[in-house]
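1. One predicted model, sequence on top.
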Amino acid sequence: MRPYSSLLVLALAAAPLIAGCGSAEQDIAVGTTEFSQLQSVRESLEKYAQTGQLDSGVEMLPTQIEGLKDEGVENVDELKQAATDLASAGSPAEVKKQAQALLDKLPQSAAAS
C-alpha cells in the first residue's frame, strides 16, 4: 500500500503544476506607426521651441535633417544651416526663436514638400 500512497502524494503535488495558471496566450497591441525622420526632427524642434533649452541631441540635428532627403524634403541645405545656427544660440529666448523659425520652414509632411 505504501507505493500507492507515494504516487498519490506525488500526483496531488504535481496537479497544480499541470493545471497551470491559465492560458499563456495574450493579445498585445502592436503599433503600426511607421518611423518618420521628419516627425523626429519636428518633435525635437518643438521641445527646443517650448523650453528654450538645448540638449546633446541638437548636435545630431543636421544629420537627422540630412536624412529628410530620403523623405522628399527639398530645402534640406537651408534647414541644416538653420540647425547649425540653432546649436550656437546664446540664450533661451534665442533658442526658442530659432527653433520656431526652423519649425516654420519644415513641411507639414514629407509628401507636402
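-> Now that the structure is in, tell me what you want to look at.
2. what number of residues lie near the spatially closest residue to Leu79 that is not a sequence neighbour?
-> Using CB to CB, 6 or more residues apart in numbering and skipping the chain neighbours, the partner closest in space to Leu79 is Ile65 (4.7 Å). In this view, the C-beta of every residue, glycine as well, is placed from N, C-alpha and C. Using other CB atoms under 10 Å, Ile65 has 26 other residues around it.
3. how close does Ile65 sit to Glu74?
-> Counting by CB to CB, to the nearest Å, the gap from Ile65 to Glu74 is 12 Å.
4. Kindly report the same for Gly52.
-> Counting by CB to CB, the separation of Gly52 from Glu74 is 29 Å.
5. Looking at these two, which has the bigger crowd around it?
-> When Gly52 and Glu74 are compared for neighbours, Gly52 comes out ahead with 16 against 11, by other CB under 10 Å.
6. Helices of the chain, start to end?
-> 2-19, 37-51, 61-66, 76-87, 92-105 (DSSP state H).
7. check contacts around Thr51.
-> Residues near Thr51 by CB atoms under 8 Å, 6 or more residues apart in numbering: Pro92, Lys96.
8. before we move on, back to that, rank the helices of the chain by mean pLDDT and give me the bottom one.
-> With a mean of 68, helix 2-19 has the lowest mean pLDDT of the helices of the chain.
9. Can you give me the buried ones in stretch 78-91?
-> Leu79, Lys80, Ala82, Ala83, Leu86, Ala89 (16 or more other CB atoms under 10 Å).
10. Next, count neighbours for Leu12.
-> Counted with other CB under 10 Å, Leu12 comes out at 9.
11. Run through the residues that contact it.
-> Per CB under 8 Å, 6+ apart, neighbours of Leu12: none.
12. number of nearby residues for the nearest residue to Ser44 once chain neighbours are set aside?
-> Spatial nearest neighbour of Ser44, excluding adjacent residues (CB to CB, 6+ apart): Gly57 at 5.8 Å. Residues contacting Gly57 under the criterion other CB under 10 Å number 12.
13. pLDDT score for Gly57?
-> 90.
14. what does the one 10 residues further on give?
-> Note on Gly67: pLDDT of 91.
15. The chain should start at 5 in everything you say after this.
-> Shifting the count to begin at 5 puts that one at Gly71.
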